[in-house]
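Asker: turn this into a structure:
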Amino acid sequence: MPGFVLLDRDGVINRRIVGGYVTCWEKFVFLPDALPALQLLTTHNYHVIVVSNQAGVGKGLMTAANLQEITDKFIGEVERHGGRIHSVYYCTHRAEDDCQCRKPKPGLLTTAQAEHHFKFEDTFFIGDSESDLLAAQAVGCPFILISTAPAADLAKLPHAPQATVPSLLVAAAFLLSEKG
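Answerer: Got it, this is the predicted structure:
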C-alpha cells in the first residue's frame with residue numbers, strides 16, 4: 001500500500017518569489033534538491049500531493065490557464081526525472097476572500113484526504129511557512145518545516161514541527177527514516 005505525503009509548492013519544490021508570484025513557466029525554478037527528492041519519494045512508493053496557495057490568480061496577475069500550464073510543465077519535468085506528482089490542489093483566492101481552502105485553513109488538505117482516503121496522522125506535510133504548519137496542525141498531520149532561519153526565529157512558531165530541515169531532499173530522507 002502506498003504512503004502519502006503532502007507538499008507545499010513555492011519554497012519547497014520551486015524557488016519562492018519573495019513579494020511576488022510565479023506567473024509563468026519562465027519564472028518557475030526548481031530548488032536544487034527538489035527533483036532528486038521527488039524521485040526518491042516516488043521510488044519508495046509515496047503518492048505526492050501538492051497543496052498550495054496561488055493567490056496570483058485571484059489577484060488577476062495570471063489566469064487559471066497560466067497556472068495550469070505551469071503545473072503541467074512542472075509535473076512533466078518531475079516525471080522526466082523519475083518522480084511523480086499524483087495530484088495538485090490550489091487555492092486561487094486572495095487572503096481577503098476568507099475562503100476555507102486558503103492555508104492556514106485546512107480546506108485543501110481535507111479535500112485531498114477525501115479524494116485519496118489517507119489518514120492525516122500517517123501523512124507528513126512538508127512546507128516552508130507558518131500557514132503550512134497551522135494547516136497541518138489543524139488536521140493532525142506531522143509537519144516537516146523547510147527553513148534555514150535561525151533557531152530564535154523558529155522558536156516563535158506557534159507549534160513545533162516534527163523536524164526542521166534545509167531542503168526537500170533532507171525532508172524526504174527524514175520521512176523515510178521515520179516510516180522505516
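Asker: elements contacting the helix ranked longest in the chain?
Answerer: Within the chain, and with DSSP state H defining each element, the longest helix by residue count is helix 64-80. Using 3 or more Cβ pairs under 8 Å, 6 or more residues apart in numbering; DSSP states H and E as the contact criterion, the elements in contact with helix 64-80 are helix 34-43, strand 85-91. Heads up, the C-betas are built off the backbone N, CA and C, glycines and all.
Asker: which SSE is immediately downstream of the first one?
Answerer: Which is helix 34-43. For helix 34-43, the succeeding helix or strand toward the C-terminus, using DSSP states H and E, is strand 46-53.
Asker: could you spell out the sheet neighbours of that following strand, each with its direction?
Answerer: strand 3-7 (parallel), strand 85-91 (parallel) (DSSP bridges).
Asker: what mean pLDDT does it have?
Answerer: Average pLDDT, strand 46-53: 98.
Asker: repeat that for stretch 114-132.
Answerer: Mean predicted confidence for stretch 114-132 is 96.
Asker: list the buried residues in that stretch.
Answerer: If you call a residue buried by 16 or more other Cβ atoms under 10 Å, then stretch 114-132 has these buried ones: 118, 120, 123-129, 131-132.
Asker: show me which of the residues you listed is closest to residue 147.
Answerer: residue 128 (6.3 Å; Cβ to Cβ).
Asker: contact partners for the closest one?
Answerer: 8, 10-12, 16, 145-147 (Cβ atoms under 8 Å, 6 or more residues apart in numbering).
Asker: I'd like those residues as TSV, with distance to residue 70 appended.
Answerer: As requested, the contacts of residue 128 are arranged in TSV below (distance: Cβ to Cβ, whole Å):
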residue	distance to residue 70
8	15
10	11
11	15
12	15
16	14
145	24
146	20
147	24
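Asker: the most centrally placed residue in the chain - nearest residue in space that isn't next to it in sequence?
Answerer: Centroid check for the chain by Cα atoms, centre = their mean gives residue 8 as the closest residue, at 1.3 Å. Nearest residue to residue 8, sequence neighbours excluded (Cβ to Cβ, 6 or more residues apart in numbering): residue 127, at 3.9 Å.
Asker: what is that neighbour paired to in the beta sheet?
Answerer: The partner residues for residue 127, given DSSP bridges, come to residue 145.
Asker: circling back to that earlier point, my guess is the residue nearest to the centre of the chain meets residue 124, correct?
Answerer: No - Residue 8 is beyond contact range of residue 124, at 11.9 Å (criterion: Cβ atoms under 8 Å).
Asker: and residue 15, how far from residue 138?
Answerer: Noted for residue 15: a distance of 27 Å to residue 138, by Cβ to Cβ, to the nearest Å.
Asker: actually, residue 39.
Answerer: From residue 39 to residue 138 the distance is 30 Å (Cβ to Cβ).
Asker: now the contacts of residue 128 in CSV, with secondary structure, distance to residue 57 and pLDDT?
Answerer: Converted to CSV, these look like this (DSSP: H, G, I helix; E, B strand; the rest coil; distance: Cβ to Cβ, whole Å; pLDDT from 0 to 100):
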residue, secondary structure, distance to residue 57, pLDDT
8, coil, 17, 98
10, strand, 13, 97
11, coil, 18, 96
12, coil, 19, 98
16, coil, 17, 94
145, strand, 26, 95
146, strand, 24, 96
147, coil, 26, 92
